[in-house]
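[1] no FASTA, just this:
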């Protein structure tokens, strides 16, 4: 890392530490002027754009980053997928979640995100598989279990949903009660 880039990076980190996102963006742009494909700078800029609510700019930065460095990190694919899903770009989100999972099959959040996208696409059988993988990786998190129970109801498998309610009662009784009310699994 050359001295100029190091100084700019430190200034970016300082600006972010004191919540000066606009200043950080200007400094990141200066980093990119010197090296347009700087993966770290592109990732930082995408993150700051997302924090500022500039989702389209964040997506553009992540796409640029991943076009240049497609094997850099499963997390970057996950972040892109998350933003695309949030913007209703479900096909792109699905592809990005799948790429994230391909790079790191243990990334439970990517399995969960994929499940949510598949639910929105009304592809319930595939969603169930993704959520089952999520619950295997994160067995004590109620979110995957909750969504999986809802998918079982959509697949007309109420007994599977009731089984999940009984399971959740062991460690998340409030979530189990909410789910029980929603699906009528008394």
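    In hand now; what should we look at? Please read these numbers as outputs of a predicted model, since none were measured by experiment.

[2] list the buried residues for the strand or helix carrying residue 153?
    Using DSSP states H and E, the element containing residue 153 is helix 142-154. Residues 142-153 are the ones in helix 142-154 that count as buried (16 or more other C-beta atoms under 10 Å). Every C-beta, even on glycine, is put in place using the N, C-alpha and C of the backbone.

[3] which of the residues you listed lies closest to residue 126?
    Proximity of the buried residues of helix 142-154 to residue 126 was ranked by C-beta to C-beta; the top entry is residue 151 with 9.7 Å.

[4] quick check: the closest one vs residue 144, distance?
    10 Å (C-beta to C-beta, to the nearest Å).

[5] hey, what's in contact with both of these two?
    Taking C-beta atoms under 8 Å, 6 or more residues apart in numbering as the contact rule, residue 151 and residue 144 both touch 115, 131.

[6] which regions of this structure lie under the pLDDT threshold?
    Within the chain, the ranges that satisfy pLDDT under 70 run 1, 185-186.

[7] residue closest to the middle of it?
    Geometric centre of the chain, nearest residue: residue 82, 4.0 Å, by C-alpha atoms, centre = their mean.

[8] what packs against the helix or strand containing that one?
    Assigned by DSSP H and E, residue 82 belongs to helix 74-86. Applying 3 or more C-beta pairs under 8 Å, 6 or more residues apart in numbering; DSSP states H and E, we find helix 74-86 packed against helix 39-51, helix 55-68, helix 90-103, helix 108-120.

[9] residue 76 against residue 63, yeah?
    No - look at residue 76 against residue 63 with C-beta atoms under 8 Å: they stay out of range, at 10.1 Å.

[10] and those two? which has more neighbours close in?
    Set side by side, residue 76 and residue 63 show more neighbours around residue 76, with 23 against 17, by other C-beta atoms under 10 Å.

[11] and the more buried one, what is it in contact with?
    Neighbouring residues of residue 76 by C-beta under 8 Å, 6+ apart: 43, 62, 65-66, 69.

[12] ok, residues contacting stretch 142-162?
    The contact list for stretch 142-162 (C-beta under 8 Å, 6+ apart) reads 108, 111-112, 115-116, 119, 124-125, 127-128, 131-132, 134-135, 138, 164-165, 167-168, 171-172, 175, 179, 182-183, 185.
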